[in-house]
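*Asks:* the following comprises the amino acid sequence and a computationally predicted model.
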Amino acid sequence: MKVLFYPGDHRKNERHTQSKQMMLTQKLGHEIVDIEDGGDCDVKFHLDFHTIHANPGYFAINANCNDVSKGNVDRQWCTVFGYGAEINPLTYEGLCVVRKNVAQGIHDARILVHPIKPMPGMFYTKLINTRVGKDLFRDIRLVIIGNEVIAVIIKEKLLANRFNQRVNYTTKYITSKIDEWLSKDEQEKVFEFCVNMGLDYGEIDCLRDEDEKLYCVDVNNIPGTRQEFETPEMLQEFEKLLQKFRL
């Protein structure tokens, strides 16, 4: 099967070659082609690194995932789950707020004392308490293939390194035992959320608060290979996804 990653030439775009969807395609033994080769392909995979972009207008995996801004992610989550994390930093009555860039992949989250005046281009949320044990904070990353949760990646860090992307996680592992981390109702709602987001393939970052509510804080429609986790189920479902979008 020939798979085209578009737009752009993957031979000239290092971010393409470091994407997990390209890695899985290669592990399954499929051929990766470029638009410069004529664009002859069996499957198109849309890779656009802009946080917000226009719908490309062609049939491709992730073609409808065109707004992964923090605000849209939270709005879509709220539509399905009935709650979100966004707050007004001037009127919020909780203890602290988290400020982060609205764009994807910036990793600039800061915990602030409020009230504070909102800054353009920034997104404000409640502080979600993900503490487990004495000093660890847990992130839950859901691997999405065909809109469904196929695997769960558990990541834990010490308090001092909670928002530091340069420090490795104290604990990190992947599991296919979805029911141990999400209820059936949550799994169904995540599926609906991914449909609304247009996310056929990707990974979403979630946090579970002390009240047991699950929040989504980021949608990664082009996850990188820095975390080379995979399960047999991931490869099987990725193959099914490619077949589903066959032209």
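*Replies:* That came through, no problem.
*Asks:* mind listing the helices for this protein?
*Replies:* Assigned helices in the chain, in chain order: 14-17, 20-27, 70-81, 184-197, 232-244 (criterion: DSSP state H).
*Asks:* so which of those is nearest Asn147?
*Replies:* Among the helices of the chain, the nearest to Asn147 by CB to CB is helix 184-197 (4.2 Å). Heads up, the C-betas are built off the backbone N, CA and C, glycines and all.
*Asks:* mind putting the helices of the chain in TSV, mean neighbour count and mean pLDDT included?
*Replies:* TSV is the format used below for these (neighbours: other CB atoms under 10 Å; pLDDT from 0 to 100):
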stretch	mean neighbour count	mean pLDDT
helix 14-17	15	64
helix 20-27	19	92
helix 70-81	19	97
helix 184-197	17	98
helix 232-244	16	95
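*Asks:* so which of the ones you listed is nearest Asp209?
*Replies:* helix 70-81 (12.1 Å).
*Asks:* show me what the closest one is packed against.
*Replies:* Here helix 70-81 touches strand 122-126, helix 184-197, strand 214-220, going by 3 or more CB pairs under 8 Å, 6 or more residues apart in numbering; DSSP states H and E.
*Asks:* minimum distance to Lys117: which of the helices of the chain has it?
*Replies:* helix 70-81 (17.7 Å).
*Asks:* for Gly224, find the nearest of the helices of the chain.
*Replies:* Of all those, helix 20-27 comes closest under CB to CB, at 6.5 Å.
*Asks:* gap between Trp181 and Thr231?
*Replies:* For Trp181, the distance to Thr231 (CB to CB, to the nearest Å) stands at 14 Å.
*Asks:* so for those two, which sits in the more crowded spot?
*Replies:* The neighbour comparison of Trp181 against Thr231 (other CB atoms under 10 Å) goes to Trp181, with 18 against 15.
*Asks:* hang on, the more buried one packs against Asp139?
*Replies:* No - counting by CB atoms under 8 Å, Trp181 does not reach Asp139; the two are 11.7 Å apart.
*Asks:* who touches both of the two?
*Replies:* Ile154 (CB atoms under 8 Å, 6 or more residues apart in numbering).
*Asks:* what's the weakest-modelled helix or strand in the chain?
*Replies:* In the chain, the helix or strand scored least confidently by mean pLDDT, DSSP states H and E is helix 14-17, which has a mean of 64.
*Asks:* could you list the low-pLDDT ranges of the protein?
*Replies:* Scanning the chain for pLDDT under 70 picks out the ranges 8-17, 37-38, 163-167, 226-228.
*Asks:* that older thread, and of the helices and strands packed on helix 70-81, who's closest to Phe45?
*Replies:* Closest approach to Phe45 among the helices and strands packed on helix 70-81 (CB to CB): strand 214-220, 14.7 Å.
*Asks:* by contact count, what packs against the closest one?
*Replies:* Counting contacts by 3+ CB pairs under 8 Å, 6+ apart, strand 214-220 is packed against helix 70-81, helix 184-197, strand 201-208.
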